[in-house]
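Undergrad: Structure of the sequence below:
(4 chains)
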Number of protein chains: 2
Amino acid sequence: MNKPTAPDCCPAPSAAPDLRPVEGRGADEELAVLAKAIGHPARIQILRLLTHRTACVCGDIVDELPLAQSTVSQHLKVLKEAGLVRGEVDGPRVCYCLEPRALRRLRVLVAGL
Amino acid sequence: MNKPTAPDCCPAPSAAPDLRPVEGRGADEELAVLAKAIGHPARIQILRLLTHRTACVCGDIVDELPLAQSTVSQHLKVLKEAGLVRGEVDGPRVCYCLEPRALRRLRVLVAGL
DNA sequence: ACGAGGTATCGTTCATCTACGATGAACAAA
DNA sequence: TTTGTTCATCGTAGATGAACGATACCTCGT
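TA: Sure thing, here's the model as predicted:
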């Protein structure tokens, strides 16, 4: 019944197929939002950090980037609003993890170009 | 020896393998540039126009988009600077075509996330 | 050389992005 | 309750982006 600091977010990969269209106005807008979200090196670096460390990091991201804490928080917000990342509160800290569905969606949309 | 209006740009697909790295600082920057370039619905629409019509269009792009000619020209410039598109002068008009290598590179980099 | 059509560039305006420090809110431990 | 830690938000300043009209630039016919 212990509740260690180890967070338990980053849930099931959930390999459900994606039935949304790859073209059309909606897809264009969707791809534009996703692409703009990863259109900054810092945000790409954040995504890589989250992929490599399977576990969700939180403030460690700040330590890894040459940016102020508030700036990193902004970037995380952008990624979160794009749906690429999710944050779960784990005590005083926040655990961020990738949203594999969004990443897959991005790959599909880019492949559709 | 005839030189019809049909443009002869959009050259060989050239399936040479890409040996550049998928990660690291350089790749991050590269992906950020490419992603930012497609981070706007109008530019995605332009890319789709260029893929669907095999032939290179030029000012027809302006007719397809609800934007001023100068704005479309700006978007084309962004795509060109990102390496996603190339423009060749064909008489009084300019023929734009996709750069398949850049598109492939983008796919690879996104897949590497 | 000249005019006409097709593009690119310039200059401007308004909005969004990026970065920071400072402040605020939430929570755990004392 | 108070304190310290962690993260989000606010406010700001400078840079970049997006859109347009106007204008300059080419290239081809005449």
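
Undergrad: mind checking the backbone torsions on the residue lying closest to A:Val22 once chain neighbours are set aside?
TA: Leaving out its chain neighbours, the residue that sits closest to A:Val22 by CB to CB, 6 or more residues apart in numbering or on different chains is A:Gly112, at 3.7 Å. (Glycine included, C-beta is placed from N, CA and C.) Note on A:Gly112: its backbone torsions stand at phi -80, psi 0 [degrees, to the nearest 10].

Undergrad: So A:Gly112 versus DNA strand C, what's the distance?
TA: To DNA strand C, A:Gly112 is 23 Å away according to CB to the nearest atom of the strand, to the nearest Å.

Undergrad: I'd say that residue and A:Arg20 touch.
TA: No. Using CB atoms under 8 Å, A:Gly112 is not in contact with A:Arg20; the gap is 10.8 Å.

Undergrad: The residue nearest to A:Val22: how many residues sit nearby?
TA: 13 (other CB atoms under 10 Å in any protein chain shown).

Undergrad: Quick check, pLDDT for the residue sitting nearest the centre point of chain A.
TA: Taking CA atoms, centre = their mean, the centroid of chain A lies closest to A:Val85, which sits 2.4 Å from it. Per-residue confidence for A:Val85 comes out at a pLDDT of 96.

Undergrad: give me phi/psi at it?
TA: phi -140, psi 150.

Undergrad: sorry, back to before: joint contacts of A:Gly112 and A:Arg20?
TA: A:Ala27 (CB atoms under 8 Å, 6 or more residues apart in numbering or on different chains).
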